[in-house]
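S.K.: Model the following, please.
(2 chains)
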There are 2 protein chains.
Amino acid sequence: MNTIDQANAIAVERMIEARPVLVGLGKALDVIPGMHADLLLHAGPPITWERASGPLKGAIIGALIFEGRATNAAEAEALITSGAVQLEPCHHHSAVGPMAGVTSPSMAVYIVENCTHGNRAFSNLNEGYGKVLRYGAYSEEVQAKLRWMHAVMAPVLAAAITATGGMDIRALLAEALHMGDEGHNRNKAASIIFTKNLAPHIAKAAPDGTTAAAIIQALGDNALCVLNPVMAACKAMADAAHGVEGSTLVTTMARNGTDFGIRVSGLSERWFTAAAQVPNGLYFPGFQAEDANRDIGDSTITETAGIGAFAMAAAPAIVTFVSGTPKDAINATLEMYEITVAEHKAFTIPQLDFRGTPVGIDLRAVVETGITPRVNTGIAHKEAGVGQIGAGLVRPPMGIFEEALVAFAERYGF
Amino acid sequence: MNTIDQANAIAVERMIEARPVLVGLGKALDVIPGMHADLLLHAGPPITWERASGPLKGAIIGALIFEGRATNAAEAEALITSGAVQLEPCHHHSAVGPMAGVTSPSMAVYIVENCTHGNRAFSNLNEGYGKVLRYGAYSEEVQAKLRWMHAVMAPVLAAAITATGGMDIRALLAEALHMGDEGHNRNKAASIIFTKNLAPHIAKAAPDGTTAAAIIQALGDNALCVLNPVMAACKAMADAAHGVEGSTLVTTMARNGTDFGIRVSGLSERWFTAAAQVPNGLYFPGFQAEDANRDIGDSTITETAGIGAFAMAAAPAIVTFVSGTPKDAINATLEMYEITVAEHKAFTIPQLDFRGTPVGIDLRAVVETGITPRVNTGIAHKEAGVGQIGAGLVRPPMGIFEEALVAFAERYGF
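M.R.: Coordinates of the predicted model:
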């Protein structure tokens, strides 16, 4: 084992041993490190308003309307372009958000704590389907939903989460992988386990039965309700592996709708970015590939932590949603063993005789094999305000791995 | 296609097209056809007190204590042996019950209606794990749980089920088979879908939040809570296929802890029975094969309707519970295609490229191939009052299929 292998073994061990527990729900301004009143967080690597895609712009506009800082798109744009409100990646603040990932100071965020190493991670609330902020929709319908979620749902959810005494998201995911989930695009089982775990506490914490029923129903009807705490859990696991001197492990993969970016354990906070691709997948009726935005969202943190497309063998039914056959799903996972340094101890795949999922992407292996990580993803319409138009499969551009490897060689003098 | 094939095609079409919907929860005395104040229903083919196994005797004693008819085992036994209280199979009353299956007049039962053909089926409430009546336990702990379930839970559950407007159990099972369930021993996904569907209505129907929480928790903590409505649904499907003139389709498989019995679509209400076997499986710590009772329960109605062991390929993770490997699970399903006449339209298996589950056991095929139906099952301790000691796999005795085929030949003059 050379020194890079040793560093990677340390990094991946930290990723695997991290035990992310959902411990609370708080206000972004109060709990996210470095959050302030004039800051919006977004998915992916850093980006300016000018280079932002339609769905990211839409979500920024929607968040500023939600905050009461703007009443329309022009006012929102002026706030950003004037510098009155700044944009920074979620990833710079221990946070992650699906799709546009826009998180504003007043928003409620899940608080996930890695009980093994002590670091925390955060993610916003999942709004469900249809016209939603994370896909860049910002109409009054979207705002009304967000207001209900924050005024009615969030306080009860916060009390319910506290009443659970902490929910072990790694254990929840391990169970869900035995129930046909892959933890990214298919979170059906995990979402209903999450709902089932919270429902008794919601019934007790809600001001009345009708409110309890509405909140439980909102969670239960949303097969992605757990995606955000799952992403925060994966962020907590990935962050635990970051900053290991000499490690080529990829600890961040994220897209802002324009660029795909990665970061590497041994290369501190530096991003390596290139143009994100348009996913291949299945489109909802009435939409097609030319409507699609480039790949967007922090949800690639799931693949970074060894689930999502890396665990597709566990989720054969997902092919009805993202295209392909059950055999393709098996092959997707098998291929990812080629570019990872370990098999996960907690996440196992019954279909592969309970083999651990491939975990810990090695930059060197990606470049040597020419195999880029697989990603399962939702597909956003390229214009603000339309929303999700499909789901599919995508890969990051190879160039960013090559660039990172060159930087690694320069940094460590290989 | 000969006339038997034609009759079987009609019968299996009826089984597949049956759409069982959970429409309510009622008192056995009020809703089960032919139920009366001095009648107890039990699992499997007809049996006397003298021939009954330990767990069945224990459940009978427990039910009579629950009804207030007896205060101890001796009083209960006297009621049965004197004829003051009679025993009849659940199956003679459109009902089914897991393990001992004892259903007494005051008990709450799920009401499932086959919306395609109009027949109804019934099953009692699932008590969860540990010391429970269905495994023959009847202590005060068991009684207290039963009293809570009937006094507190049942009225709320009844209101919640009514408020759903009817829950399509076939659709629920179809979804659960894509989530790693096989619908008999592994009902994790179906149970939490069931809980998730009912929880908002429970929150509204309960007298207060604490009661709502307790009921939701009781369902949510019980990964078999849906087994009883699932069994009633399978009974509704199997009954729809029963009574087709000239059909060799097996429409009942059931065990009373002493005998395994089957009935055949074209042979009206006649049972064919022989000694039930002891399952092969995995035992809980501290127990072994010599502690096991013979195979018991009506839950083989799931295999009769094309799920359970017949759908094991969909549930690779079940092998941690019933023994074997994921490959064995695939092979179990593949073998069952040898003795069935159709592939289910509603129940599909992602792992087999969404092939329909094998459905409609043909008596002729069982005898010709020498392949008996596979059954997944819980294992009861042979003494009353101990409870579940494991789970495993079992097959019915071949002799009952041979006997039934002889009877069929006699009846139809082949």
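
S.K.: Now for residue A:271: which residues touch it?
M.R.: Residues in contact with residue A:271, defined by C-beta atoms under 8 Å, 6 or more residues apart in numbering or on different chains, are A:45, A:46, A:252, A:261, A:262, A:263. For every residue, glycine as well, the C-beta is placed using N, CA and C.

S.K.: What is the most widely separated pair among those residues?
M.R.: Maximum pairwise distance among the contacts of residue A:271 (C-beta to C-beta): 13.4 Å, between A:46 and A:262.

S.K.: Can you pick out the residue with more neighbours from those two?
M.R.: Residue environment comparison for residue A:46 versus residue A:262 gives the larger neighbour count to residue A:262, 28 against 16, counting by other C-beta atoms under 10 Å in any protein chain shown.

S.K.: how about the lengthiest strand in chain A: buried residues?
M.R.: Secondary structure assigned by DSSP state E gives strand A:340-349 as the longest strand of chain A. Going by neighbour count (16 or more other C-beta atoms under 10 Å in any protein chain shown), the buried part of strand A:340-349 is A:340, A:341, A:342, A:343, A:344, A:346, A:347, A:348, A:349.

S.K.: And for stretch A:179-189?
M.R.: Buried residues in stretch A:179-189, defined by neighbour count with 16+ other C-beta under 10 Å: A:179, A:180, A:181, A:182, A:183, A:184, A:185, A:186, A:187, A:188, A:189.

S.K.: ditto for stretch A:88-98
M.R.: For stretch A:88-98, a neighbour-count test (16+ other C-beta under 10 Å) marks A:88, A:89, A:90, A:91, A:93, A:94, A:95, A:96, A:97, A:98 as buried.

S.K.: I'd say residue A:66 and residue A:145 touch.
M.R.: No - using C-beta atoms under 8 Å as the test, residue A:66 is too far from residue A:145 to be in contact (10.2 Å).

S.K.: Just list what the top helix by length along chain A packs against, helices and strands only.
M.R.: For chain A, the longest helix by residue count, based on DSSP state H, is helix A:188-205. In terms of contacts (3 or more C-beta pairs under 8 Å, 6 or more residues apart in numbering or on different chains; DSSP states H and E), helix A:188-205 is packed against helix A:154-164, helix A:169-177, helix A:209-220, helix A:227-240, helix B:188-205, helix B:209-220.

S.K.: so which helix or strand takes in residue A:294?
M.R.: In this assignment (DSSP states H and E), residue A:294 forms part of neither any helix nor any strand.

S.K.: still on that earlier bit, how about the helices and strands packed on helix A:188-205 in CSV, adding distance to residue B:409?
M.R.: Written out in CSV, the entries for the helices and strands packed on helix A:188-205 read as follows (distance: least, C-beta to C-beta, whole Å):
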stretch, distance to residue B:409
helix A:154-164, 62
helix A:169-177, 50
helix A:209-220, 53
helix A:227-240, 59
helix B:188-205, 39
helix B:209-220, 48
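
S.K.: Give me whichever of those is most buried.
M.R.: Per residue and on average, the most neighbours among the helices and strands packed on helix A:188-205 fall to helix A:227-240, with a mean of 30 (mean count of other C-beta atoms under 10 Å in any protein chain shown).

S.K.: Neighbouring strands of the helix or strand just after it in the sheet, and parallel or not?
M.R.: Sequence-wise, the next helix or strand beyond helix A:227-240 is strand A:250-256, with elements assigned using DSSP H and E. The strands that strand A:250-256 pairs with in its sheet are strand A:259-264 (antiparallel), strand A:296-297 (antiparallel) (by DSSP bridges).

S.K.: tell me the most buried of those strands?
M.R.: The highest mean neighbour count among these, using mean count of other C-beta under 10 Å, belongs to strand A:296-297: a mean of 34.

S.K.: Could you tell me how far that one lies from the centre of the chain?
M.R.: Mean-position distance between strand A:296-297 and its chain equals 8 Å (C-alpha atoms, centre = their mean, to the nearest Å).

S.K.: can you check stretch A:151-161 too?
M.R.: Its chain's C-alpha centre lies 22 Å from the corresponding centre of stretch A:151-161 when counted by C-alpha atoms, centre = their mean.

S.K.: List the contacts of that stretch.
M.R.: Counting by C-beta under 8 Å, 6+ apart, stretch A:151-161 makes contact with A:22-26, A:108, A:110, A:125, A:167, A:198, A:201-202, A:204-207, A:211-212, A:214-215, A:218, all of which sit outside it.

S.K.: rerun that using 6 Å as the cut-off
M.R.: By C-beta atoms under 6 Å, 6 or more residues apart in numbering or on different chains, the residues outside stretch A:151-161 that reach it are A:24, A:25, A:108, A:198, A:201, A:202, A:205, A:206, A:215.

S.K.: Of these, which pair is most distant in space?
M.R.: By the measure C-beta to C-beta, these have their two most distant members at A:24 and A:206, which lie 17.5 Å apart.

S.K.: Got the phi and psi for residue A:413?
M.R.: phi 70, psi 30 (degrees, to the nearest 10).

S.K.: Could you check the pLDDT of it?
M.R.: Per-residue confidence (pLDDT) for residue A:413: 87.

S.K.: Also residue A:275?
M.R.: Listed pLDDT for residue A:275 reads 97.

S.K.: Dihedrals phi and psi, it?
M.R.: Backbone dihedrals for residue A:275, given as degrees, to the nearest 10, come out at phi -60, psi 130.

S.K.: Give the burial count for residue A:311, as a bare number.
M.R.: Counted with other C-beta under 10 Å, residues neighbouring residue A:311 total 34.

S.K.: any idea how far it is from chain B?
M.R.: Distance check for residue A:311 against chain B: by C-beta to the nearest C-beta, to the nearest Å, it reads 13 Å.

S.K.: how about that residue, secondary structure?
M.R.: Here residue A:311 is recorded as helix under DSSP: H, G, I helix; E, B strand; the rest coil.

S.K.: Next one: it from residue A:337, what distance?
M.R.: As for residue A:311, its distance to residue A:337 is 12 Å (criterion: C-beta to C-beta, to the nearest Å).

S.K.: before we move on, what about residue A:206?
M.R.: Distance from residue A:206 to residue A:337, by C-beta to C-beta: 46 Å.

S.K.: SS state for the residue nearest the centre of chain A?
M.R.: In chain A, the residue lying closest to the centroid (C-alpha atoms, centre = their mean) is residue A:299, at 2.4 Å. Three-state secondary structure (criterion: three-state DSSP) places residue A:299 in coil.

S.K.: Give the full set of residues in contact with the closest residue in space to it that isn't next to it in sequence.
M.R.: Take residue A:299 and drop its neighbours on the chain: the residue closest to it by C-beta to C-beta, 6 or more residues apart in numbering or on different chains is residue A:98, 4.8 Å away. Residues in contact with residue A:98 (C-beta under 6 Å, 6+ apart) are A:134, A:227, A:297, A:299.

S.K.: Give me the neighbour count for the first one.
M.R.: The tally of other residues near residue A:134 (other C-beta under 10 Å) stands at 30.

S.K.: List the contacts of it.
M.R.: Neighbouring residues of residue A:134 by C-beta under 6 Å, 6+ apart: A:98, A:99, A:100.

S.K.: Recalculate using a threshold of 8 Å.
M.R.: Contacts for residue A:134 were tallied using C-beta under 8 Å, 6+ apart; they are A:59, A:97, A:98, A:99, A:100, A:101, A:102, A:126, A:127, A:297.

S.K.: wait, which of the residues you listed is closest to residue B:365?
M.R.: Closest approach between the contacts of residue A:134 and residue B:365, by C-beta to C-beta: residue A:126, at 49.0 Å.

S.K.: Pretty sure that closest one sits against residue A:221.
M.R.: No - counting by C-beta under 8 Å, no contact exists between residue A:126 and residue A:221, whose distance comes to 11.4 Å.

S.K.: how far away is the residue nearest to the centre of chain A from residue A:355?
M.R.: Noted for residue A:299: a distance of 24 Å to residue A:355, by C-beta to C-beta.

S.K.: can you check residue A:255 too?
M.R.: Going from residue A:255 to residue A:355 by C-beta to C-beta gives 29 Å.
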